[in-house]
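Trainee: following is a predicted model, sequence given first.
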Amino acid sequence: MEDIKAPENYEDLIRLIHERYDQMSRTYQRISVYLTQNPNEVAVQSVNAIGEHCGIHASSFVRFAQALGYKGFKDLQHLFQERLATAAPGFEARRRALDSELNMREDRSEYGFLRELVVRDIASLEDMLERTDPAQMSEAADMIENARTVYIVGQLRSAPVADLLRYILTMLGKPCVLLDASGGLSTHMARTIGKDDVLIAISFRFYANEVVNIVETVAQTGAPVVAISDSTLSPLAKSAKVLFAVPEHDYTFSRSLAAPMCLAQALTVAVAARVQKDTAEPRIPTVTGS
């Protein structure tokens with residue numbers, strides 16, 4: 001990347017990263033994804049700790065910062081620290097509490113694993129709540145409510161989120177189509193999506209190729225796309241009218257779906273409030289009626 005003037009605030013830095021992402025090396029792209037997914041951690045951790053977490057040598061972070069016009073990583077990190085001081089003043093205390101909670105874990109039983117997952121999921125949910133834009137929630141709910149038909153696509157680890165959305169929206173009486181990968185017809189079914197419809201797409205690393213292709217194809221027709229992914233640098237981002245970036249946190253065994261499932265439920269509750277004209281106590285009907 002050619003020499004440039006270093007951005008002076010966090011928003012300009014993230015904008016520059018997005019603009020240059022496609023031209024970056026694979027290592028720089030991995031760094032970019034980590035920075036945009038974990039701004040709070042970047043603000044409080046050393047470059048060595050960040051590099052160790054990513055599996056990338058700290059010197060690469062220094063060179064990355066220099067490629068963006070900074071003298072070193074600390075100058076870039078300062079923008080994240082300024083953001084944290086105003087946007088998430090309680091984060092450091094919560095991080096210390098989480099670290100303390102996990103470091104004290106001596107229970108290696110089945111219940112101990114459950115407890116660790118619950119503690120981490122609570123942190124992920126708080127992180128998502130802090131990052132989510134209320135205006136985007138309203139816009140997405142309006143798009144879903146007003147759509148002629150809601151199409152949903154999510155494969156691999158994203159499939160449970162897609163299934164939950166299909167179930168609840170169907171129970172709310174919304175015409176809903178799940179672009180199921182079985183039978184190999186998802187891409188062909190997506191070609192029937194019109195401008196009066198909406199596509200909800202869910203995909204996380206490592207992004208399912210068919211989902212990415214469907215999102216790009218649908219966006220080209222002018223149909224709106226609501227995307228749930230893990231980063232503003234996700235391949236879904238460019239095609240989405242509304243993007244919910246739900247950062248994933250590395251767990252010992254797996255990556256949790258607690259945050260994206262909660263977001264999906266919140267969107268359907270918002271749609272229910274509109275459909276039922278009841279913002280106080282919207283209800284999701286069930287098959288049994290109970």
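Mentor: It's in.

Trainee: for the longest helix seen in the chain, packing partners?
Mentor: Once the chain is assigned using DSSP state H, the helix that runs over the most residues is helix 110-131. Where contact means 3 or more CB pairs under 8 Å, 6 or more residues apart in numbering; DSSP states H and E, helix 110-131 is packed against helix 91-103, helix 258-275. From N, CA and C alone the C-beta is placed, and that goes for glycine too.

Trainee: buried ones in it, by neighbour count?
Mentor: 116-117, 120-121, 123-128, 131 (16 or more other CB atoms under 10 Å).

Trainee: what does stretch 194-211 give?
Mentor: Those would be 197-204, 207-208, 210-211, for stretch 194-211 by 16+ other CB under 10 Å.

Trainee: quick check: the farthest pair among those residues?
Mentor: Comparing all pairs in those by CB to CB, the longest separation belongs to Asp197 and Phe204, at 23.7 Å.

Trainee: what residue ranges in the stretch 101-250 of the chain score low on pLDDT?
Mentor: Scanning the stretch 101-250 of the chain for pLDDT under 70 picks out 101-108, 249-250.

Trainee: now with 50, please.
Mentor: Applying pLDDT under 50 to the stretch 101-250 of the chain flags no residue at all.

Trainee: Ser59 is in what secondary structure piece?
Mentor: Using DSSP states H and E, Ser59 falls within helix 58-67.

Trainee: can you give me the neighbour number for the closest residue in space to Gly154 that isn't next to it in sequence?
Mentor: Spatial nearest neighbour of Gly154, excluding adjacent residues (CB to CB, 6 or more residues apart in numbering): Ala162 at 3.1 Å. Around Ala162 there are 23 other residues, counting by other CB atoms under 10 Å.

Trainee: packing partners of whichever strand or helix holds Ala162?
Mentor: Element membership of Ala162 [criterion: DSSP H and E] is helix 159-171. In terms of contacts (3+ CB pairs under 8 Å, 6+ apart), helix 159-171 is packed against strand 150-154, strand 176-178, strand 198-202, helix 258-275.

Trainee: residues contacting that helix, please?
Mentor: With contacts defined as CB atoms under 8 Å, 6 or more residues apart in numbering, helix 159-171 is touched by 144, 150, 152-155, 176, 178, 200, 202, 228, 257, 260-261, 264-265, 267-268, 271, 284-287.

Trainee: cutoff 6 Å now
Mentor: Identification of contacts with helix 159-171 by CB atoms under 6 Å, 6 or more residues apart in numbering yields 150, 152, 154, 176, 178, 202, 260-261, 264, 268, 284-285.

Trainee: ok and that helix relative to strand 198-202, angle-wise?
Mentor: 150 degrees (axes from the mean of the first three to the mean of the last three CA atoms, to 10 degrees).
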